[in-house]
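> okay, sequence plus prediction incoming.
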Amino acid sequence: MMTTLDATNQSLGRLATKIAVLLRGKTDPKYQPNLLPTMQVTVTNIAKIKITGKKLDQKTYYHYSSYPGGMKARNLGNMMDKNPAWVLKMAVYRMLAQNRLRDKIIKNLIITK
């Protein structure tokens with residue numbers, strides 16, 4: 001089953017929650033939490049997503065390489081300019097349950113620009 005969502009003028013967090021619920025399969029009447037859902041979600045117009053408040057300047061993504069001095073920080077504004085699909089994918093990924101199914105479920109998310 002496939003669902004298409006338009007990201008134009010939608011808030012990042014609210015769109016990510018819709019996608020996470022759909023990907024998890026909770027809208028299906030045959031939902032079982034231990035089974036891999038077959039729902040695929042396609043998101044279009046990701047560059048027109050709405051970011052509210054001062055998040056573009058203040059929200060920071062960190063990456064640590066496990067080496068001394070290996071902490072890297074990027075703000076949301078730079079990440080939206082560079083790769084807006086990654087921002088949405090990480091928002092949805094972090095909303096899914098942290099179990100063995102999460103990596104398999106996120107593969108059903110298709111983001112187009």
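Arrived safely, thanks for sending.
> give me the distance from stretch 74-85 to the chain's centre.
Chain-centre distance of stretch 74-85: 13 Å, with CA atoms, centre = their mean, to the nearest Å.
> buried ones in it?
76, 79, 80, 84 (16 or more other CB atoms under 10 Å). Every residue, glycine included, has its C-beta placed from N, CA and C.
> how about the strands in the chain?
For the chain, applying DSSP state E gives strands covering 2-6, 40-44, 60-64, 71-75, 109-111.
> buried residues, the shortest one. List them.
It refers to strand 109-111. Within strand 109-111, judged by 16+ other CB under 10 Å, the buried ones are 109, 111.
> partner strands of that strand, parallel or antiparallel?
strand 40-44 (parallel) (DSSP bridges).
> how about the contacts made by residue 16?
When contacts are counted by CB atoms under 8 Å, 6 or more residues apart in numbering, residue 16 touches 88, 91, 92, 95.
> among those residues, which ones are buried?
Buried among the contacts of residue 16 (16+ other CB under 10 Å): 88, 91, 92, 95.
> pretty sure the first one contacts residue 111?
I take that to be residue 88. Yes: applying CB atoms under 8 Å, one finds residue 88 in contact with residue 111, separated by 6.1 Å.
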